[in-house]
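**Student:** Quick one, fold the following:
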Amino acid sequence: MAEIKDVKGIGPKALSLLNKLGIYTIEDLVTHYPFRYDILKRGSLQETEDEGHIIIDGKVESVPILMRFKAGLNKMNFRFVTPSGVVGVSIFNRAFLKSQLAVGTSITVIGKYDKKKNIITASEIKMGGLSTKERIEPVYHCTSGLTNKSLSSYINMALLMYGREIPDYIPSEYLERYQFVNKRTALNIIHNPPSGEKLENAIYRLKYEELFSFMFKISYLKRQNKLNNKGLSRDISDHQLEEFIKTLPFRLTSDQTKAISEIVEDLRAPHRMNRLLQGDVGSGKTIVAFLAMYVNVLSGYQSALMAPTEILATQHYYNLKELLQNTPYRLELLTGSTSKKEKQQIYEDLKNGEISFIIGTHALIQEEVEYHNLGLVITDEQHRFGVNQRTNLQNKGFMPDILYMSATPIPRTYALTIYGDMDVTLIKERPEGRKPIITSIKTNDEIKDVLSMMYEELKQNHQIYVIAPLIEDSENSGDLKSVCHLKDQMQLAFKDKYHIDIIHGKMATAAKDLIMQEFLQNKIQILISTTVIEVGVDVPNATTMVIFDANRFGLSTLHQLRGRVGRGSIQSQCILISDSDTKRLKIMEQVQDGFVISEEDFKLRGHGDLFGTKQSGDMTFKIADLRQDYKILLQAKKDSEEYFQSRDVCDDELRKKLISGIFMN
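**Tutor:** Alright, predicted model coming up:
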């Protein structure tokens, strides 16, 4: 295809400005879609608001006066008689119209009306009138030096010159099935809408194409993973697994049973497992991971689990150690705190195969660590690790199977995209004995009630989390509560009866781990924190979560924080303190299911905030919106998979275009 500089009217300066907008190719240019449309209707001067857009008919009343400025700019003024009164008209850089605007000429003026000055600044003048009653004008994201009109003209010139060369990614059978117009026509409509109905149909068609193309690429990548990633094929004894499950001190839920069944099938298969184990807070993902590690070890391979913090790794270690006490297999813990002498021994024993299970932090991926026959890699809270850290652990073995764990429920819409090339296993059921967490909303005026509720729990020797949105007060923090301010308040309220401490993200890892360890041992009764404890250690004795300025947090974050309590059999509670946005927070009072909450959060906030901060490498769509276009996504997914499986993926030109797009994006 021709280059963008080949489009008539685009010189070096315009090219530089287009590049600023991320427009480098003809396809970039014609798919730089309007972000909104202005509807211009025929109206009267009296009905039009100040600075409002107007389309109005009338006749030229005075001879146009032309003023010329430096740099080739010009402005033309004339009086204009309309059925609703006389108005002044100004139009820039249309000197060529002067000869056509004789007194008495009927015209239609399109522009913006300054009511105070009684002047229309025209964007366009139509000789002989305009046939339609309204006009839909596209509005684009521009940059300084590039006007909306100039950008529109470049786009239309590109469509005129090269529109036939723009690739269409919808197969002919789906164009016919849904009676879609061709790509060039759809692009012409979206940039020059003739009517609202045609615009709506063109937008739907372009959204479908974008999502169809994306989901086809996901299917291709998933297949390539399985074809290229030849994995370890295992002989697995169902009987031995069943006997081990019988020794567990609790009964597995049906979701846990289904999850381990799917993982076992992956471990049996000759291709490499690439699976996400996603579960709501407190749903029991960890035991599924332990069973996967056990199955892997039964088949003769080593298992490794990497956790984001030392204290979480230690918790996993002691939990698994208890389950393995009647087995012949050796388990070790490797973290930054492991002594040099112990580390050397672990390195040696991992290399010669004497250690079957290893749990640790990023210490597992240090250069000195070598494995005898690593067969399974599990990454806990996978979004807390960088891609390089996860990859380093995977590369420690010869094509080990990979299992990611995440306690962050993600809406199905979003999971179809970011995890589309993985197999996803969901765990929703809560284990037996876990009670729903009672959630209530309180205002700052009700703080005495909150303190009384806290005191009742403390008298029963229970522990409490208190969450603040800030680490310390600042000039701009207003009424927002800080960790340090809350500590002062709590000490004032409870005197010296209870030990109160703080934890936040700016503290050193060792300091955070020490405080969490003391909280776990009930040496601290009230722990005041930022969202750093959103994912962390199980403290069954912690029964109350108090969140100040709850309106500042997304629903998914609030649900994650709430999940820090209710880890045992004791009835737990979560108190949300807020003077505003209580209608949104009511969802937390009514709903316990993290997946339902994440869907609501997704509708309200979009996907960028699902993990608390926007994730790098997020996919972006030019016209599709995952929140609004879920039904289109599902249809596009179904159709793309049908098309993908209908015949060999490389047997026609369209498939080659779709596949090549994977490596270009």
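**Student:** hey, let's count contacts and neighbours off CA atoms from now on
**Tutor:** Noted.
**Student:** For D488, what are phi and psi?
**Tutor:** Main-chain torsions, D488, degrees, to the nearest 10: phi -60, psi -40.
**Student:** any idea how far it is from D496?
**Tutor:** As judged by CA to CA, to the nearest Å, D488 and D496 stand 12 Å apart.
**Student:** list the buried ones in the top helix by length along the chain?
**Tutor:** Secondary structure of the chain per DSSP state H: the longest helix is helix 196-228. Neighbour-count burial for helix 196-228, counted by 16 or more other CA atoms under 10 Å, picks out 199, 201-222, 225.
**Student:** One more: stretch 144-151?
**Tutor:** For stretch 144-151, a neighbour-count test (16+ other CA under 10 Å) marks L151 as buried.
**Student:** Let's see the distance spanning that stretch from one end to the other.
**Tutor:** Chord length of stretch 144-151, first to last residue, is 12 Å (CA to CA).
**Student:** what's the offset of that stretch from the middle of its chain?
**Tutor:** 31 Å (CA atoms, centre = their mean, to the nearest Å).
**Student:** ok, residues contacting that stretch?
**Tutor:** Around stretch 144-151, the neighbours that count as contacts under CA atoms under 8 Å, 6 or more residues apart in numbering are A14, L17, V139, Y140, H141, C142.
**Student:** Just the buried residues of those.
**Tutor:** Neighbour counting by 16+ other CA under 10 Å classes A14, L17, V139, Y140, C142 among the contacts of stretch 144-151 as buried.
**Student:** Distance of the first one relative to E3?
**Tutor:** The span separating A14 from E3 equals 14 Å under the rule CA to CA.
**Student:** How about the second one?
**Tutor:** Between L17 and E3 the distance, using CA to CA, works out to 15 Å.
**Student:** which residues touch the closest residue to I189 other than its chain neighbours?
**Tutor:** Leaving aside its sequence neighbours, I189 sits nearest to L199 (CA to CA, 6 or more residues apart in numbering; 6.0 Å). Contact analysis of L199 by CA under 8 Å, 6+ apart lists I189, I190, P193.
**Student:** In TSV: those residues, plus distance to N373.
**Tutor:** TSV is the format used below for these (distance: CA to CA, whole Å):
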residue	distance to N373
I189	59
I190	57
P193	62
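**Student:** Adding distance to L159 and neighbour count, write those out as TSV.
**Tutor:** As requested, the contacts of L199 are exported to TSV (distance: CA to CA, whole Å; neighbours: other CA atoms under 10 Å):
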residue	distance to L159	neighbour count
I189	11	19
I190	12	22
P193	14	20
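**Student:** any idea which of these is closest to L252?
**Tutor:** Closest approach between the contacts of L199 and L252, by CA to CA: I190, at 53.9 Å.
**Student:** That closest one is in contact with A202, isn't it?
**Tutor:** Yes - the pair I190 / A202 is scored as a contact, 6.4 Å apart, by CA atoms under 8 Å.
**Student:** Report the secondary structure state of S123.
**Tutor:** Using DSSP: H, G, I helix; E, B strand; the rest coil, the structure places S123 in strand.
**Student:** so who does the residue nearest to it when sequence neighbours are not counted touch?
**Tutor:** Counting by CA to CA, 6+ apart, G111 is the residue found nearest to S123 once chain neighbours are left out, at 5.0 Å. Applying CA under 8 Å, 6+ apart to G111 gives the contacts H53, I54, I55, I120, T121, A122, S123, E124.
**Student:** Mind giving me the ChimeraX select for these, buried ones only?
**Tutor:** Selection command for ChimeraX covering only the buried members of the contacts of G111, criterion 16+ other CA under 10 Å:
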select :53,54,55,120,121,122
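**Student:** Return the member of the contacts of G111 nearest to D28.
**Tutor:** S123 (25.9 Å).
**Student:** So that closest one versus E47, what's the distance?
**Tutor:** 20 Å.
**Student:** What are the boundaries of the strands in the stretch 151-300 of the chain?
**Tutor:** Along the stretch 151-300 of the chain, the segments classed as strands by DSSP state E, counting those that start in this stretch run 274-279.
**Student:** Any stretches of it with poor pLDDT?
**Tutor:** 224-231 (pLDDT under 70).
**Student:** Please enumerate the helices of it.
**Tutor:** According to DSSP state H, counting those that start in this stretch, the stretch 151-300 of the chain carries its helices in the segments 172-177, 183-191, 196-228, 238-246, 254-268, 285-298.
**Student:** Compile those into a markdown table and extend it with columns for distance to Y318.
**Tutor:** Shown next, in a markdown table, are these (distance: least, CA to CA, whole Å):
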| stretch | distance to Y318 |
| --- | --- |
| helix 172-177 | 56 |
| helix 183-191 | 60 |
| helix 196-228 | 35 |
| helix 238-246 | 18 |
| helix 254-268 | 21 |
| helix 285-298 | 12 |
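**Student:** Between these, which one is closest to M306.
**Tutor:** helix 285-298 (11.4 Å).
**Student:** Tell me the helices and strands packed up against the closest one.
**Tutor:** Identification of packing neighbours for helix 285-298 by 3 or more CA pairs under 8 Å, 6 or more residues apart in numbering; DSSP states H and E yields helix 238-246, helix 254-268, strand 274-279, strand 302-306, strand 374-379.
**Student:** Just send those back as TSV, with distance to E176 and mean neighbour count too.
**Tutor:** Formatted as TSV, the helices and strands packed on helix 285-298 follow (distance: least, CA to CA, whole Å; neighbours: other CA atoms under 10 Å):
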stretch	distance to E176	mean neighbour count
helix 238-246	50	12
helix 254-268	38	19
strand 274-279	36	22
strand 302-306	50	26
strand 374-379	45	27
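**Student:** between the ones you listed, which one is nearest to I91?
**Tutor:** It's strand 274-279; of the helices and strands packed on helix 285-298, that one is closest to I91 (CA to CA) at 60.1 Å.
**Student:** Direction included, what does the closest one pair up with?
**Tutor:** Strand 274-279 has its sheet partners listed here by DSSP bridges as strand 401-406 (parallel), strand 423-427 (parallel).
**Student:** shaky segments in the stretch 551-665 of the chain?
**Tutor:** Using pLDDT under 70, the stretch 551-665 of the chain drops low at 602-620, 627, 647-665.
**Student:** How many neighbouring residues does A2 have?
**Tutor:** Residues near A2, counting by other CA atoms under 10 Å, number 12.
**Student:** Mind pulling the model confidence for it?
**Tutor:** At A2, the model reports a pLDDT of 79.
**Student:** what residues are up against it?
**Tutor:** A2 touches I26, Y162, counting by CA under 8 Å, 6+ apart.
**Student:** average pLDDT for stretch 422-431?
**Tutor:** 82.
**Student:** Export it to PDB, keeping only CA atoms.
**Tutor:** The C-alpha trace of stretch 422-431 is given here as PDB (Å, rounded to 0.1, in the frame of the first residue of the first chain):
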ATOM      1  CA  MET A 422      -4.700 -19.400  28.100                       C
ATOM      2  CA  ASP A 423      -7.000 -22.000  29.400                       C
ATOM      3  CA  VAL A 424      -9.000 -20.600  32.300                       C
ATOM      4  CA  THR A 425     -10.300 -22.500  35.300                       C
ATOM      5  CA  LEU A 426     -12.700 -20.700  37.700                       C
ATOM      6  CA  ILE A 427     -13.400 -21.400  41.400                       C
ATOM      7  CA  LYS A 428     -16.400 -19.600  42.800                       C
ATOM      8  CA  GLU A 429     -17.600 -21.800  45.600                       C
ATOM      9  CA  ARG A 430     -16.600 -21.000  49.200                       C
ATOM     10  CA  PRO A 431     -15.200 -23.900  51.200                       C
END
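**Student:** Would you pull up how far it lies from the middle of the chain?
**Tutor:** 19 Å.
**Student:** what sits up against that stretch?
**Tutor:** Contacts for stretch 422-431 (CA under 8 Å, 6+ apart): 222, 252-256, 259, 262, 274-280, 282-285, 593.
**Student:** if we can go back for a sec, so which of the contacts of stretch 144-151 sit within helices?
**Tutor:** Those of those lying in helices (DSSP H): A14, L17.
**Student:** Tell me which two of the contacts of stretch 144-151 sit farthest apart.
**Tutor:** Longest span within these, CA to CA: A14 and V139, 18.1 Å.
**Student:** now the contacts of stretch 144-151 in JSON lines, with pLDDT?
**Tutor:** Shown next, in JSON lines, are the contacts of stretch 144-151 (pLDDT from 0 to 100):
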{"residue": "A14", "pLDDT": "93"}
{"residue": "L17", "pLDDT": "93"}
{"residue": "V139", "pLDDT": "91"}
{"residue": "Y140", "pLDDT": "93"}
{"residue": "H141", "pLDDT": "91"}
{"residue": "C142", "pLDDT": "91"}
